[in-house]
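With the sequence up front, the predicted model follows.
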Amino acid sequence: MKKIIFSFLALIATVFLTGCGNDKVADAQNDALAKIKEQGFVRIGVFSDKPPFGYIGKDGKNEGYDVYFAKRIAKDLLGDENKVKFELVEAASRAEFLVANKVDIIIANFTKTPERAQIVDFALPYMKVSLGIVSPDGALIKDISELKGKKLIVNKGTTADAYFTKNHPDIELLKFDQNTETFGALLDGRGAALAHDNALLFAWAKENPGFKVGVEALGDIDVIAPAVRKGNKTLLEWINNEIAELAKENFFHKAYDATLKPIYGDSVNPESLVVEGGKL
């Protein structure tokens with residue numbers, strides 16, 4: 001009888017302590033904004049190899065459309081755009097960096113999907129995008145049917161990877177972690193074509209003569225948004241308010257002019273990419 005009572009009390013204690021642990025996690029999540037201000041810098045995950053959105057420039061500094069936005073967040077949150085610590089991520093590791101608390105925010109061309117939204121919390125969008133397919137001019141892929149019996153290059157953990165795995169399992173995918181590896185494989189002829197966000201492909205094709213985006217839009221129009229750890233309400237609300245306020249000054253159009261227009265020129269309509277204030 002004493003053993004039964006002891007076991008019952010031990011169970012109650014375990015449940016109580018577990019509940020306390022969950023409360024502590026929730027408190028830590030909700031205090032994330034205060035913690036950022038206390039530490040004096042914000043950790044933001046960005047790409048290092050995805051120009052013109054996130055990349056390392058010739059001077060060794062982070063540059064690109066996402067970086068332009070990240071610096072403004074640091075300025076408005078902490079009073080100085082330099083109070084940001086950039087953490088370099090790969091496509092497949094973006095959610096993992098948030099879950100493991102390696103970053104406070106991900107701003108790495110992160111497309112919002114229902115699957116990802118179960119793992120992280122997305123803020124309001126600041127871009128819209130579709131998938132595209134780029135291939136050599138001499139063997140241009142204009143339709144998915146032309147990929148039959150050929151290899152399609154994609155990045156692991158991207159919407160392109162998910163789209164073709166789900167909708168076209170008959171197409172052989174050649175997968176890489178980093179964009180440099182992915183595009184290098186296309187340049188080396190290891191695949192017939194490469195699928196990625198069309199906004200990136202337009203820029204890449206312009207910088208690489210001999211290649212063309214033969215399929216300009218594929219699947220649904222998706223949105224790109226910042227992401228935070230699941231349940232991080234205070235930081236999420238701050239970012240949403242920030243995006244709404246930035247829209248009043250057409251910030252994202254200015255960011256486009258500063259970082260993307262020099263690449264795209266007049267070949268891309270900014271309205272096809274830019275979202276102001278989370279409004280499509």
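Arrived safely. Numbers count the residues shown, from 1 in each chain.

And the strand or helix carrying residue 129, what does it pack against?
With secondary structure defined by DSSP states H and E, residue 129 is part of strand 127-136. On a contact count with 3 or more CB pairs under 8 Å, 6 or more residues apart in numbering; DSSP states H and E, strand 127-136 meets helix 159-167, strand 193-197, helix 198-207, strand 211-224. Every C-beta, even on glycine, is put in place using the N, C-alpha and C of the backbone.

now, of these, which is deepest in the fold?
Neighbour counts (mean count of other CB atoms under 10 Å) averaged over each of the helices and strands packed on strand 127-136 peak at strand 193-197, with a mean of 28.

do you know which of the helices and strands packed on strand 127-136 lies nearest residue 89?
Across those, the minimum distance to residue 89, taken as CB to CB, is reached by strand 211-224, at 14.3 Å.

Which residues does that closest one contact?
109-113, 125-137, 140-144, 159, 163, 167, 186, 193, 195, 198, 201-202, 204-205, 275, 280 (CB atoms under 8 Å, 6 or more residues apart in numbering).

Just the buried ones from those?
Buried subset of the contacts of strand 211-224 (neighbour count, 16 or more other CB atoms under 10 Å): 109-112, 125-136, 140-141, 144, 159, 163, 186, 193, 195, 198, 201-202, 204-205, 275.

that's a strand at residue 154, yeah?
Yes. Applying DSSP: H, G, I helix; E, B strand; the rest coil, one finds residue 154 inside a strand.

tally of neighbours for it?
Using other CB atoms under 10 Å, residue 154 is surrounded by 26 other residues.

Mind listing the residues bridging to it?
For residue 154, the beta-bridge partners are residue 175 (DSSP bridges).

and it, what does it touch?
Counting by CB under 8 Å, 6+ apart, residue 154 touches 160, 161, 164, 173, 174, 175, 176, 182, 194, 195, 196.

circling back to that earlier point, out of the helices and strands packed on strand 127-136, nearest to residue 102?
Once the helices and strands packed on strand 127-136 are compared by CB to CB, strand 211-224 is nearest, at 20.5 Å.

That closest one - what's its average pLDDT?
Regarding strand 211-224, the rounded mean pLDDT is 92.

Dump it to CSV, restricted to CA.
Below are the C-alpha coordinates for strand 211-224, written out as CSV (Å, rounded to 0.1, in the frame of the first residue of the first chain):
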residue,chain,number,x,y,z
PHE,A,211,20.9,29.8,-69.6
LYS,A,212,17.2,30.9,-69.6
VAL,A,213,14.2,30.5,-67.4
GLY,A,214,12.0,28.4,-69.7
VAL,A,215,9.3,27.8,-67.2
GLU,A,216,8.7,31.1,-65.5
ALA,A,217,5.9,30.2,-63.1
LEU,A,218,4.9,26.8,-61.7
GLY,A,219,2.4,25.8,-59.0
ASP,A,220,0.8,28.3,-56.7
ILE,A,221,1.9,31.9,-55.9
ASP,A,222,3.5,31.6,-52.4
VAL,A,223,4.6,34.3,-49.9
ILE,A,224,7.9,34.8,-48.3
